[in-house]
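S.K.: Structure of the sequence below:
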Amino acid sequence: MKKLVLFFLLVISCGIIGSVLSDHHRGRREREEEEWGEETSEKGLFILDNLEKVVESEGGTVHVVRGFGSPATWRFDGSRKGPLHIGFISMEPKTLFVPQYVDSGLVLFVRKGEVKVGWIRKDTLVEKQLKMGDVIQIPAGFAFYMVNTGEGQRLQIICGIDASESLGISPYEAFYIGGGKFPRSVLAGFDTRTLATALNVTFEEVGTFLGSQFKGPIVYVEGESAEPEKRKKHNKKDKPNLIDYSDQTFSPIKPLKHFVGYFSRLFGYENVENKDKPVQSPDPYNLYDKDPDFRNDYGYTVAVDEHDYEPLKHSDIGVYLVNLTAGSMLAPHVNPHATEYGIVLGGSGAIQVVFPNGTTAMDAQVSEGDVFWIPRYFPFCQVASLSGPLEFFGFTTSAGRNYPQFLVGSNSVLKAMVGPELAAGFGVSEGNLRDLVDAQREGVILPSWPERRESEEEREEKRREREEGEVLHLGVRRMFFG
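M.R.: Have a look, this model is predicted:
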């Protein structure tokens, strides 16, 4: 009897728990639907136009468009995956983005200008000079800085912000190393005695050191700091793993060398075993120098993944570039492995996206500066306007090969699956299906939309009329001119 009572109590408890969980999931689903509706752009469901200004100072700005997705979560393979945000960095000539580290991995793409990027790799500062089209990756938590070295030219950088390791407080959280009153350096949070001891300086020097900078995260610089040449290093026998900043007119990290060296030795980060070996740092990868993965008369596509540029695998982000001639179309296709984010670099056109149920999710007009995203598995296509070419660049949420599946065209899923099964699926004869599929001889990038395609019968009729006209014309000539 007791067992029977316990059994019924267990059933009732399970029912109550199931009801609670059901209500919880239903409420969560309703909240997600409300959030989806709130984040929808007026231009289209998958257009991202909520631009947030996260940095503003005399030398430039940083704006961020938040990617769509839930906060970072753990995956079955033990890795962590979060949303991908898109950042836009603009820097005036001869400016410095002060030394900092952020809680997100960055993939930088130089849209316009030239920039010197310095970052910490294996306890040593390395620098790379980047030009238009270059891509480089900076891991989360590693200090870096950027200097606009372009002569009289504003620098524009588009960056993919991998939020997999972020704190989730904002699109990304910056921890400024260089700074003073604005921005505040993270060193300012330590006790004055601790800093004075670590730096081996007086209290007064600490106060001066942390109270001089007040012009913001992006500041104007002069002298060799704004030049693209690399710094000269100390003699390694005297000071291993330290960089000489004495020849810099302005360098906000000059006073930090004692601090960094002290804590590197304290926590065992100093690379004693390999300190005499040069640090190997990946060179930037230039999108415009890569041979297109596909090219025809109507445009080209370029995709860069971890097999092309190994550092991308650390952020698990891929990069791509597409250029379409006027009126041409990147054929309807599906990304089976990744969500895609894109930025229109030039021109205008249309993006069409389809829901799983076969209805139109979005048919939006886009132009330079627009940001869009395509969920994984959703069919979509891009079409350039008839007025000129369309160029767009972007990121994918996987550094592996994407293997896009084109739904139509000469190398499409339809072409590969032509047969009685597919014909039955459409409810047409196999012969009619083959005629339909074989009508398009181009693949991947297709020619412009015609106002009306002539059928084979119409073309044959015109050919007969032309031949009959030529015969009639010849008879008339013979009649009048012999």
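
S.K.: could you dump the host helix or strand of Gly349 to PDB, C-alpha only?
M.R.: Gly349 belongs to strand 348-354 when assigned by DSSP states H and E. Output in PDB follows, covering the C-alpha atoms of strand 348-354 (Å, rounded to 0.1, in the frame of the first residue of the first chain):
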ATOM      1  CA  SER A 348      23.500  48.500 -54.100                       C
ATOM      2  CA  GLY A 349      21.200  45.500 -54.700                       C
ATOM      3  CA  ALA A 350      18.700  43.100 -53.100                       C
ATOM      4  CA  ILE A 351      18.900  40.300 -50.600                       C
ATOM      5  CA  GLN A 352      16.200  37.600 -50.600                       C
ATOM      6  CA  VAL A 353      15.900  35.100 -47.700                       C
ATOM      7  CA  VAL A 354      13.400  32.200 -47.400                       C
END
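
S.K.: and the closest residue to Thr202 other than its chain neighbours, what element?
M.R.: Leaving out its chain neighbours, the residue that sits closest to Thr202 by C-beta to C-beta, 6 or more residues apart in numbering is Ala196, at 6.4 Å. Using the backbone N, CA and C atoms, a C-beta is placed for each residue, glycine as well. With elements taken from DSSP H and E, the one containing Ala196 is helix 192-199.

S.K.: Quick one: mean pLDDT for that helix?
M.R.: With pLDDT averaged residue by residue, helix 192-199 scores 92.

S.K.: What are the buried residues along it?
M.R.: Across helix 192-199, burial judged by 16 or more other C-beta atoms under 10 Å covers 195-196, 198-199.

S.K.: farthest-separated two in those residues?
M.R.: Ala196 and Ala198 (7.4 Å; C-beta to C-beta).

S.K.: contacting residues around the residue nearest to Thr202?
M.R.: Shown in contact with Ala196 (C-beta atoms under 8 Å, 6 or more residues apart in numbering): 202-203, 205-206.

S.K.: now those: which count as buried?
M.R.: Val206.

S.K.: if we can go back for a sec, give me the contacts around the strand holding Gly349.
M.R.: 44-46, 324, 332, 360-368, 372, 374, 378-385, 387-388, 390.

S.K.: what do you get for stretch 406-417?
M.R.: With C-beta under 8 Å, 6+ apart as the test, stretch 406-417 has contacts from 331-334, 379, 405, 422, 437, 440-444, 446.

S.K.: swap the cut-off to 7 Å and go again
M.R.: For stretch 406-417, contacts defined as C-beta atoms under 7 Å, 6 or more residues apart in numbering pick out 331-334, 379, 405, 437, 440-444, 446.

S.K.: Point out where the stretch 301-450 of the chain drops to low pLDDT.
M.R.: 449-450 (pLDDT under 70).

S.K.: Phe182 - how many residues pack around it?
M.R.: Close neighbours of Phe182, defined as other C-beta atoms under 10 Å, add up to 12.

S.K.: Could you find the closest non-adjacent residue to it?
M.R.: The spatially closest residue to Phe182, leaving aside those adjacent along the chain, is Phe214, at 4.9 Å (C-beta to C-beta, 6+ apart).

S.K.: if you go through the stretch 351-482 of the chain in chain order, where are the strands?
M.R.: Listed in chain order, the strands of the stretch 351-482 of the chain (DSSP state E, counting those that start in this stretch) span 360-367, 371-374, 380-384, 390-396, 405-406, 445-446.

S.K.: can you count the residues close to the nearest residue to Asn296 once chain neighbours are set aside?
M.R.: If the residues on either side of it in the chain are set aside, Asn296 comes closest to Ile445, at 5.7 Å by C-beta to C-beta, 6+ apart. A count of nearby residues for Ile445, using other C-beta under 10 Å, gives 24.

S.K.: Gln153 now?
M.R.: Using other C-beta under 10 Å, Gln153 is surrounded by 15 other residues.

S.K.: Pull up the per-residue confidence for it.
M.R.: 94.

S.K.: just to revisit the earlier point, roughly how far apart are the residue nearest to Thr202 and Phe214?
M.R.: 22 Å (C-beta to C-beta, to the nearest Å).

S.K.: where exactly do the helices run in this structure?
M.R.: With DSSP state H as the criterion, the chain has helices at 2-39, 192-199, 203-209, 257-266, 312-315, 413-417, 420-426, 430-438, 456-481.

S.K.: quick revisit: which among the contacts of stretch 406-417 end up buried?
M.R.: Among these, those that count as buried by neighbour count (16+ other C-beta under 10 Å) are 331-334, 379, 437, 440, 442-444, 446.

S.K.: any chance of these in CSV, plus distance to Asp305?
M.R.: Shown next, in CSV, are the buried ones among the contacts of stretch 406-417 (distance: C-beta to C-beta, whole Å):
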residue, distance to Asp305
Ala331, 21
Pro332, 22
His333, 17
Val334, 18
Pro379, 22
Val437, 30
Gln440, 28
Glu442, 25
Gly443, 21
Val444, 17
Leu446, 24
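
S.K.: now, which of the residues you listed sits nearest Tyr288?
M.R.: Val444 (19.6 Å).

S.K.: got the contact list for that closest one?
M.R.: 294, 331, 406, 409, 411 are the contacts of Val444 under C-beta under 7 Å, 6+ apart.
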